[in-house]
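Asks: kindly generate the corresponding structure for this input.
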Amino acid sequence: MVKPKLYLDTSVPSAYFDPRAPDRQRLTRQFWSDRLSDFDPVISTVVLKEIGDTPDPKRRKEIENLVGRRRGGEMREITEAEKRAIWEGVKKEFPDDEMMQEIHYVRRIHQMYTEDLSRADRIAFYQEAEQGVSVKGKSGNGG
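Replies: You can find the predicted model right below:
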């Protein structure tokens, strides 16, 4: 069975070790131990860099060890041209609603990071984004 991919941004492993918000830390640790194995966790090279920039060497090592043990794979970065194409498509789809533009832009970028898209699928994605058409109902809201 193929597990769904789950994007982990820097805040997730950071919360695992952050005692300033005990409830958040407890929930993060509980999710990490009880549910994370249900997913194929992925992180971006940006997250790896952010973890590497953690000022406290002990905390940095803890986070690196935690992420290294559970990381499913790394994601490629999206090029600026790809981001522009997606943004232009979203602006055409929601010409008068800046909030919807931003929400759908983030959803589509997230989709690019977390789905296993073939090159042909990516090309179709960009073409549809440029035309302002939702991508095969995968935008997170059914269309």
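Asks: what ranges of the chain fall below the confidence cut-off?
Replies: 69-79, 110-143 (pLDDT under 70).
Asks: rerun at 90
Replies: The model of the chain has pLDDT under 90 over residues 1-13, 32-52, 64-143.
Asks: tell me the helices in it, going along the chain?
Replies: In the chain, the helices defined using DSSP state H lie at 11-17, 22-34, 45-52, 57-70, 80-93, 98-114, 119-131.
Asks: could you dump those to TSV with distance to residue 5 and mean neighbour count?
Replies: C-betas here are computed from N, CA, C, even on glycine. Shown next, in TSV, are the helices of the chain (distance: least, CB to CB, whole Å; neighbours: other CB atoms under 10 Å):
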stretch	distance to residue 5	mean neighbour count
helix 11-17	14	18
helix 22-34	16	13
helix 45-52	14	15
helix 57-70	13	14
helix 80-93	18	17
helix 98-114	5	16
helix 119-131	15	15
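Asks: thanks again, I'm all set now.
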